[in-house]
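# coordinates only, sequence not included:
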């Protein structure tokens, strides 16, 4: 039985034959089901001009999710701050918190658009992420009321901020005294040790807090659980070999080129899947090894019925 709470990150992945509007409505529906299952948070992400992902406006989508749920915390995993003006982000979260008080999380990332064209359209350069620390400080200043410019709404509201760690993100979170969201990978333990040892308490967090992001799938058998992960793995392999990230397909090709097979297997590496007992043991070991305070689960599969069954099985691991 897991000793830490579970949350869900939904990237609004499209499915073959599905409109983008249907995908977004499905994200909201999944959030409602996840709330009933007892998960702690439901977060949405930010991607721009990616064919297979329609989660491009996370604060707007979070507003829709919050309006259709009652108890679960709703947030972003995350808003890519280099793409936005910190004052506007502070005001957006101020609106969210004002409409759904005590339920909003502000996850912040430092990624920029994947291509030159997307970055030009967003009005940012490739090096925009280098100013991330200053941007976070500016944003928090608007919420804390320490800026000459006032965020209305936003100023004076306590909206928990989280740093999504990519590269030096863990050290930024430690320096600013903020909770950390980190993808589970072989070097996670070392990054977390540095984060905890250099953490400086702040008005936002008195001690380190770690959310570990992990892909997990549960089914009656190990092979059935693995099958849940194949549509996303094939989508990743397809994008690596063709430069286009496609919608999820119900089936994967029976044969692949050697290069496709390599990317396909790499996409599955490190993911956790199996029977309930297997996944319980694997996630429990991950928590013990990293001392994570919470797990953020993301699972992308074609069949949303199977997706919700997977989340229901995961919820049972926490009692």
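Good, I have the coordinates. All values reported here derive from a predicted model rather than from experimental measurement.
# In this structure, mark out all the helices, start to finish.
20-37, 58-67, 86-99, 116-122, 132-144, 169-176, 188-198, 222-242, 258-268, 276-290, 304-316 (DSSP state H).
# what's the closest of those helices to residue 75?
helix 58-67 (6.4 Å; Cβ to Cβ). To be clear about C-beta, it is placed using only N, CA and C from the backbone, and glycine gets the same treatment.
# and the angle for that closest one with helix 20-37?
If you take axes from the mean of the first three to the mean of the last three Cα atoms, to 10 degrees, helix 58-67 sits at 50 degrees to helix 20-37.
# For helix 58-67, what is the distance to the chain centroid?
In terms of Cα atoms, centre = their mean, to the nearest Å, the centre of helix 58-67 is set 14 Å apart from its chain centre.
# Please apply the same query to stretch 226-242.
On Cα atoms, centre = their mean, the centre of stretch 226-242 falls 19 Å from that of its chain.
# Excluding chain neighbours, what is closest to the residue nearest the centre of the chain?
Geometric centre of the chain, nearest residue: residue 77, 3.7 Å, by Cα atoms, centre = their mean. Computed as Cβ to Cβ, 6 or more residues apart in numbering, the closest residue to residue 77 that is not its neighbour in sequence is residue 43, at 3.6 Å.
# residues near that neighbour, how many?
28 (other Cβ atoms under 10 Å).
# Quick check: mean pLDDT of stretch 14-28?
Averaged over stretch 14-28, pLDDT sits at 97.
# what about that stretch, how long is it end to end?
14 Å (Cα to Cα, to the nearest Å).
# who touches that stretch?
10, 12-13, 44, 51-55, 61, 64-65, 68, 246-250, 302, 304 (Cβ atoms under 8 Å, 6 or more residues apart in numbering).
# same question, stretch 119-131
48, 49, 82, 83, 110, 111, 112, 113, 116.
# And for stretch 304-318?
1-2, 4-6, 8, 15, 26, 30, 33-34, 37-39, 216-219, 228, 276, 279-280, 283, 297, 299-301.
# Relative to residue 155, how far out is the residue of the chain most remote from its centre?
In the chain, counting by Cα atoms, centre = their mean, residue 148 sits farthest out from the average C-alpha position, at 32.3 Å. For residue 148, the distance to residue 155 equals 12 Å [Cβ to Cβ, to the nearest Å].
# ok, now residue 257?
Residue 257 is 55 Å from residue 155, by Cβ to Cβ.
# quick one: which of the two has more around it?
A count of neighbours by other Cβ under 10 Å puts residue 155 above the other of residue 257 and residue 155, at 18 against 12.
# what about the closest residue to the more buried one other than its chain neighbours, how many neighbours?
Nearest residue to residue 155, sequence neighbours excluded (Cβ to Cβ, 6+ apart): residue 145, at 4.7 Å. Applying other Cβ under 10 Å, we find 12 residues neighbouring residue 145.
# With residue 108 instead?
Neighbour tally, residue 108, other Cβ under 10 Å: 29.
# does it really touch residue 162, like I thought?
Yes. Between residue 108 and residue 162 there is a contact under Cβ atoms under 8 Å: 6.8 Å.
# list residues touching both of these two?
Joint contacts of residue 108 and residue 162 (Cβ under 8 Å, 6+ apart) are residue 78.
# Show me the shaky parts of this structure.
167 (pLDDT under 70).
# let's see it at 80
113-114, 166-168, 319 (pLDDT under 80).
# hmm, back to that, contacting residues for the residue farthest from the centre of the chain?
Contacts of residue 148 (Cβ under 8 Å, 6+ apart): none.
# try residue 302
15, 16, 231, 248, 249, 250.
# how close does it sit to residue 1?
Counting by Cβ to Cβ, the gap from residue 302 to residue 1 is 30 Å.
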